[in-house]
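S.K.: have a look; sequence and predicted model below, questions after that.
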Amino acid sequence: MTDQILGPIGQISRRVSDIATSVAWYRDVLQLPHLYTFGDLAFFDAGGTRLFLSAVDEAVDEPGESVLYFSVDDIHAASEALIGRGVTFASAPHLVHRHESGIEEWMAFFTDPDGHTLALMTQTRTGDSRSEHSED
């Protein structure tokens, strides 16, 4: 038996060609609750899993792949445990967004054996994450 590090999938990303059209479709047709939009990024609640839409440059022919974001309570401890199991992260856990409410979004990205992107994610109150954490 092993110790489980990852929590439930907290977010899935999807690349779209036009953010305004996609926001209207996911909100009005699928009737997913729209959480917020800023710039070319939009977020919806898909039954407790956050759906993250991002606009793709039209010059890019690739439809883009989805990214799985696993929720964890302590992103630093989870990344250290996965490093101990041989996972290589693109960078250390880092702050990606601070909401007006004081909630901070932290993420750390890595790949599976086929090169598919995965991520750890956590939400904390300002100052709750080990922002002073350093890698040894």
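M.R.: Thanks, I have it.
S.K.: poorly predicted segments of this structure, please.
M.R.: 1-2, 57-64, 127-136 (pLDDT under 70).
S.K.: quick check: longest helix of it.
M.R.: Counting residues, the longest helix found in the chain (DSSP state H) is helix 75-84.
S.K.: by contact count, what packs against it?
M.R.: If you count contacts as 3 or more CB pairs under 8 Å, 6 or more residues apart in numbering; DSSP states H and E, helix 75-84 packs onto strand 103-111, strand 117-125. C-beta coordinates here come from the backbone N, C-alpha and C atoms, glycine included.
S.K.: in contact with the residue lying closest to Thr88 once chain neighbours are set aside, which residues are there?
M.R.: Leaving aside its sequence neighbours, Thr88 sits nearest to Phe110 (CB to CB, 6 or more residues apart in numbering; 6.4 Å). Contact analysis of Phe110 by CB atoms under 8 Å, 6 or more residues apart in numbering lists Leu82, Val87, Thr88, Phe89, Ala90, Thr117, Leu118, Ala119, Leu120.
S.K.: now do the strand or helix carrying Val96 against strand 117-125, angle only.
M.R.: Per DSSP states H and E, Val96 falls inside strand 94-98. Going by axes from the mean of the first three to the mean of the last three CA atoms, to 10 degrees, strand 94-98 is angled at 60 degrees with respect to strand 117-125.
S.K.: i'd like the first residue to be 434 from this point on
M.R.: Right, with 434 as the first residue, what we last looked at is strand 527-531.
S.K.: just checking: what are the partner strands of strand 527-531?
M.R.: According to DSSP bridges, strand 527-531 forms sheet pairs with strand 536-544 (antiparallel).
S.K.: in the partner strand, what's buried?
M.R.: Within strand 536-544, the residues scored as buried using 16 or more other CB atoms under 10 Å are Glu537, Glu538, Trp539, Met540, Ala541, Phe542, Phe543.
S.K.: ok, so of those residues, who is nearest Ala479?
M.R.: The shortest gap between Ala479 and any of the buried residues of strand 536-544 belongs to Glu538, at 17.1 Å (CB to CB).
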